[in-house]
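Peer 1: just coords:
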């Protein structure tokens, strides 16, 4: 019997009308369509004080870490702040280490108020690699996020994408998180086969 993948999306935006959160809900909808069980971890809804390594346990730390640890795949979404990811997401990320991320498939999404998101996605990629997560090659950056949606009561969060190609990129992230949730990348097998030639 095939196991159903679980996909968790973490919204690193504390803004009430967040474009990051909306985009992540599109990611989760696509993952759901691909057969995954999905959940949104909205950091506005959890108490996570600034990470203190000397504290035994703070706020909702145990619950947040459990959600990440139990997920087969995780989407990290953030607004672009000063060329990097948000302080809220960084603080969340400080709580989670190898026990939560090792060999977990991770997808990245960044929403920019302006036109630049490249460094934000690269910073996220480096920090996830640092805790042994496996980051999908496909990632999503959304420039001028406030211009990328139109009001549509029937759409997710009442917002529809203006550009179908951008919507497709976002949905591809969700479907790939479901598809590659159980991937076990092995460098050793590649090296061994090369040595056999």
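Peer 2: Structure received. Just so it is clear, the structure is predicted and the values come from calculations on it, not from any experiment.

Peer 1: show me how far stretch 129-142 is from its chain's centre.
Peer 2: 8 Å (CA atoms, centre = their mean, to the nearest Å).

Peer 1: return the set of buried residues in that stretch.
Peer 2: 131, 133, 134, 135, 136, 139, 140, 141, 142 (16 or more other CB atoms under 10 Å). Heads up, the C-betas are built off the backbone N, CA and C, glycines and all.

Peer 1: which one of those is nearest residue 84?
Peer 2: Set against residue 84, the nearest of the buried residues of stretch 129-142 by CB to CB is residue 141 (13.1 Å).

Peer 1: nearest residue to that closest one other than its sequence neighbours?
Peer 2: Leaving aside its chain neighbours, residue 141 sits nearest to residue 117 (3.6 Å; criterion: CB to CB, 6 or more residues apart in numbering).

Peer 1: mind listing the helices for the protein?
Peer 2: For the chain, helices defined by DSSP state H occupy the ranges 19-33, 61-70, 87-95, 98-101, 118-130, 164-179, 187-196.

Peer 1: which residues of this structure score low on pLDDT?
Peer 2: 1, 185-197 (pLDDT under 70).

Peer 1: ok, 50 please
Peer 2: For the chain, no stretch has pLDDT under 50.
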